[in-house]
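[1] please work out how this folds:
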Amino acid sequence: MADSIPAEAYDALVTAAETYRAAVVVRLAGEAGLRTAEVTRVRPCDLRESSAAPGTFLLAVPADAESAGTGESVPIDRETVVPSSLAASLRRYAESEGLALEDRFVDVSPRRVQMLVRETAARARDRANAAVPPSVTPRDLRRTFARRLLVDRGVDPHVVREAGGWETMDALDSHLDPLDGEDVAAAVAGGDGGAGTSPHADEHTDPSTDRDDPSTDRDDDADEPKPSLVRAFEAVAGIPDREALFETVVDRVTETDRWQEARICRGASTEEPEPVGEGSTAPGEGSEALGDDDRWISVSIDHGETTYGALWLLPEDTPVRPAERREVEALGRCLGWAVTAGRWRDLLHSDAVAEVEFHTAAETAFLASASAALDCRLELESTVAVSGSVSRWYLSVTGAGPQAVADAVDDADGVSELRVIETREDGCAVSLRATGGSIVRALTGHGASVREAVAEDGRVRVVADLPDGTDVRPIADDLREAFPDARLVSKESVARSPRTESALREGVADRLTDRQWATLSAAYHSGYFDWPRGSTAEEVADAMDVSSPTFHNHLRKAERALLETLFEERDARRSADGRSPSTQGVSADEGERNGTAPSASATRRDRS
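    Residues are numbered from 1 along each chain as shown. Okay, the predicted model is just below:
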């Protein structure tokens, strides 16, 4: 498994911990599978012995950092199993530090947790030479936790997923070694009751059942409802117009025998469904049309942090099953994605754009609050999408140093994992992980392309492009729900002028996958291409939540596509001028004499 830590190296890492707290940090990530932020939430009262398996200990993981340690009822995200030795160490640590039951074991910021792991890894590497990898992160320790359970102990992947808090089984694929045909055959034979039968088989099988009796054969999915929304999903991929898409989805949902009616509510509210298309036949409008029938189910039509409306479905006589509910939720997410993608497509191909400018001084807007607290200027250089709900920001800061910015990040909600890219006399360049508190994310969720975001004196100004003709009022209303004082300062239609650099950028973008583009952008804005490097490949990969080999793979392919675009465009121009594509270009000195040398004054934003 890539990026897991060998057992010998892990032992060296724990041994090298300079303090008891550092050892606890390493072990909570490596043996309990906690994320960086989760390490800072757990408390002595969260540790208990399992009643079903005496001698085995469980650690409850609080769901959020705000409520942990307040003495209030804390929502629990999950419980994970911890070795008895770690449970004993946690109790000894709590006693030695005089911790109350509600106190946190590790009362530091997530950023400090990352630093403790790196410092411990550096110390271990100095002691154990090459046994310890050159760069270790809490994410690597979580991978080690997964590897130990999946491979070394053969634990059911479903159990590992629940213990580690991974959302899907896909997250564990890289932790499993490939199987050959013999392995597969042995596993299947074991599942049929041969050698290698699962130790849990008796929990699900009646020992009196005759396996050879054909009357016992059954379709495992016989009790599960068959998919009823396939044709609705097909419409998402094939219909670009938003209104036509909504109407087609409603029609296709109700053409099945499973759903009696379908309605779509536009806007952020899910309380007043509005009939769309011929599939909704009930009379009346608004919530009154629902009558007293409580069988209606609704799911949001959203993308990221933006909600476009809700999908309401009325089933036939039988109740909606969990699998059907998940299917409807997936359709809602796909519809939200389709609306956002449509806006991005319109923005990309439009000859004119609607340039809008928003201002806010809300405390919930991190850029605004940080500029006020630090009396500095923050400029957003770039954003890179890590996932549907996570972005990485690249900021230029004037008037504040890295430590001050780090303190502001620690005190704010929705931002974390600050990384210093460059330190200057008058400020710094940093990147951070953003999950909320961002007017920038709110605008991009509506399909906008943010051109500029600058914060100073406690106010952030954002300039963004939307497809020409976009109704800005719903977007402004949505922004005010998160940032009450947000106001639309200006809106104007701006014609796009054709530029060679824009054509080149679009040519490159057409060749790259979204992940390759994000990787190239993250590497550039992290200073990976600078000399000396501002960030290593491992640091950029960790910031993107991917492994180092995956980062290198995406980066190499993106670089190849970039070079192909450059050279193919050059050869095409030479052919059009009647010159051989293989003709060598002018030298740098000759170019300077002729005034044709390429400009070297492009800023990072120009090239990003």
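[2] run through the helices of the stretch 401-550 of the chain in chain order.
    Along the stretch 401-550 of the chain, counting by DSSP state H, counting those that start in this stretch, helices occupy 402-411, 439-445, 473-482, 500-511, 514-525, 537-543, 548-576.
[3] what stretches of the stretch 251-400 of the chain score poorly on pLDDT?
    Within the stretch 251-400 of the chain, the stretches with pLDDT under 70 are 266-293, 304-306, 343-351, 387-388.
[4] next one: the stretch 51-200 of the chain
    Counting by pLDDT under 70, the stretch 51-200 of the chain shows low-confidence ranges at 64-73, 128-131, 171, 174-179, 183-184, 186-200.
[5] what's the closest non-adjacent residue to Val320?
    The spatially closest residue to Val320, leaving aside those adjacent along the chain, is Ile297, at 5.5 Å (CB to CB, 6 or more residues apart in numbering). Every C-beta, even on glycine, is put in place using the N, C-alpha and C of the backbone.
[6] so what's the one you found up against?
    Under the criterion of CB atoms under 8 Å, 6 or more residues apart in numbering, the contact partners of Ile297 comprise 312-313, 315, 320, 325, 328.
[7] narrow the residues you listed to those in strands?
    For the contacts of Ile297, the ones inside strands are 312-313, 315, with DSSP state E as the criterion.
[8] so which of those residues is the closest to Ala442?
    Checking the ones in strands among the contacts of Ile297 against Ala442 with CB to CB, the nearest one is Trp312 at 25.1 Å.
[9] just checking, that closest one touches Trp259?
    No: no contact is recorded between Trp312 and Trp259 when judged using CB atoms under 8 Å, the distance being 10.3 Å.
[10] hmm, Ser526 is touching Tyr394, no?
    Yes: proximity of Ser526 to Tyr394 meets the contact threshold set by CB under 8 Å, at 7.4 Å.
[11] shared neighbours of the two, anything?
    Counting by CB under 8 Å, 6+ apart, the residues touching both Ser526 and Tyr394 are 421, 431.
[12] so between the two, which is more surrounded?
    Neighbour comparison, Ser526 and Tyr394: the larger count goes to Ser526, with 27 against 24 (by other CB atoms under 10 Å).
[13] tell me the confidence at the more buried one?
    Ser526 carries a pLDDT score of 85 in this model.
[14] excluding its backbone neighbours, what's nearest it?
    In space, and not counting its chain neighbours, Ser526 is closest to Ser535: 3.9 Å by CB to CB, 6+ apart.
[15] rewinding a little: TSV for the contacts of Ile297, including distance to Tyr93 and neighbour count?
    Below are the contacts of Ile297 laid out as TSV (distance: CB to CB, whole Å; neighbours: other CB atoms under 10 Å):
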residue	distance to Tyr93	neighbour count
Trp312	52	25
Leu313	52	27
Pro315	53	19
Val320	48	18
Arg325	43	13
Val328	47	22
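[16] what's the closest of these to Leu90?
    Of all the contacts of Ile297, Leu90 sits closest to Arg325, with 38.3 Å by CB to CB.
[17] those strands in the stretch 351-500 of the chain, which residues are they?
    Along the stretch 351-500 of the chain, counting by DSSP state E, counting those that start in this stretch, strands occupy 352-360, 377-385, 391-398, 415-424, 427-434, 449-456, 459-467, 487-495.
[18] out of the ones you listed, the one nearest Ser51 is which?
    Of all these, it is strand 415-424 that lies closest to Ser51, at 35.4 Å by CB to CB.
[19] now the closest one against strand 377-385, angle please.
    Counting by axes from the mean of the first three to the mean of the last three CA atoms, to 10 degrees, strand 415-424 points 120 degrees away from the direction of strand 377-385.
[20] can you point out the buried residues in strand 415-424?
    415-422 (16 or more other CB atoms under 10 Å).
[21] pipe these into CSV and attach pLDDT per row.
    Listed next are the buried residues of strand 415-424 as CSV, based on pLDDT from 0 to 100:
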residue, pLDDT
Val415, 88
Ser416, 89
Glu417, 88
Leu418, 91
Arg419, 90
Val420, 90
Ile421, 89
Glu422, 88
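[22] could I get these as JSON lines with distance to Thr565?
    Formatted as JSON lines, the entries for the buried residues of strand 415-424 read as follows, by distance: CB to CB, whole Å:
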{"residue": "Val415", "distance to Thr565": "34"}
{"residue": "Ser416", "distance to Thr565": "36"}
{"residue": "Glu417", "distance to Thr565": "33"}
{"residue": "Leu418", "distance to Thr565": "34"}
{"residue": "Arg419", "distance to Thr565": "30"}
{"residue": "Val420", "distance to Thr565": "32"}
{"residue": "Ile421", "distance to Thr565": "27"}
{"residue": "Glu422", "distance to Thr565": "28"}
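[23] residue ranges of the strands in the stretch 1-150 of the chain, please?
    47-49, 57-62, 76-82.
[24] now the ones you listed in CSV, with distance to Glu363 and mean neighbour count?
    As requested, these are arranged in CSV below (distance: least, CB to CB, whole Å; neighbours: other CB atoms under 10 Å):
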stretch, distance to Glu363, mean neighbour count
strand 47-49, 36, 14
strand 57-62, 24, 21
strand 76-82, 27, 18
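[25] could I get those strands as JSON lines with distance to Arg123?
    Below are the strands of the stretch 1-150 of the chain laid out as JSON lines (distance: least, CB to CB, whole Å):
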{"stretch": "strand 47-49", "distance to Arg123": "28"}
{"stretch": "strand 57-62", "distance to Arg123": "26"}
{"stretch": "strand 76-82", "distance to Arg123": "24"}
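[26] quick one: which of these is nearest Met115?
    With respect to Met115, and counting by CB to CB, the nearest of the strands of the stretch 1-150 of the chain is strand 57-62 at 21.6 Å.
[27] the closest one: partners in the sheet, and parallel or antiparallel?
    Sheet pairing for strand 57-62, assigned by DSSP bridges, gives strand 47-49 (antiparallel), strand 76-82 (antiparallel).
[28] centre of the chain to it, how far?
    For strand 57-62, the distance between its averaged C-alpha position and the chain's averaged C-alpha position is 24 Å (CA atoms, centre = their mean, to the nearest Å).
[29] need the residues that contact that strand.
    Counting by CB under 8 Å, 6+ apart, strand 57-62 makes contact with 32, 34, 38, 41-43, 46-50, 68, 74-84, 86-87, 165, all of which sit outside it.
[30] for the stretch 201-350 of the chain, which segments count as helices?
    Counting by DSSP H, counting those that start in this stretch, the stretch 201-350 of the chain has helices at residues 201-204, 230-238, 242-254, 322-349.
[31] redo those helices as JSON lines? Include distance to Val430.
    Shown next, in JSON lines, are those (distance: least, CB to CB, whole Å):
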{"stretch": "helix 201-204", "distance to Val430": "52"}
{"stretch": "helix 230-238", "distance to Val430": "38"}
{"stretch": "helix 242-254", "distance to Val430": "38"}
{"stretch": "helix 322-349", "distance to Val430": "28"}
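[32] ok, and which of these has the densest surroundings?
    Each of those was assessed for mean neighbour count using mean count of other CB atoms under 10 Å. The highest is helix 242-254, with a mean of 20.
[33] who's in contact with it?
    Contacting residues not belonging to helix 242-254 are listed as 228-229, 231-232, 234-236, 239, 259-264, 276-280, 311, 313, 331, 335, 338-339, 342 [CB under 8 Å, 6+ apart].
[34] buried ones in stretch 133-142?
    Within stretch 133-142, the residues that qualify as buried by neighbour count (16+ other CB under 10 Å) are 133, 135-142.
[35] keep only those of those residues that are in helices.
    When the buried residues of stretch 133-142 are checked against helices using DSSP state H, the ones located there are 138-142.
[36] could I get those residues as JSON lines with distance to Ser371?
    Listed next are these as JSON lines, based on distance: CB to CB, whole Å:
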{"residue": "Pro138", "distance to Ser371": "30"}
{"residue": "Arg139", "distance to Ser371": "31"}
{"residue": "Asp140", "distance to Ser371": "35"}
{"residue": "Leu141", "distance to Ser371": "35"}
{"residue": "Arg142", "distance to Ser371": "34"}
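[37] just the closest of these to Ala495, please.
    Taking those together and measuring to Ala495 by CB to CB, the closest member is Arg139, at 45.9 Å.
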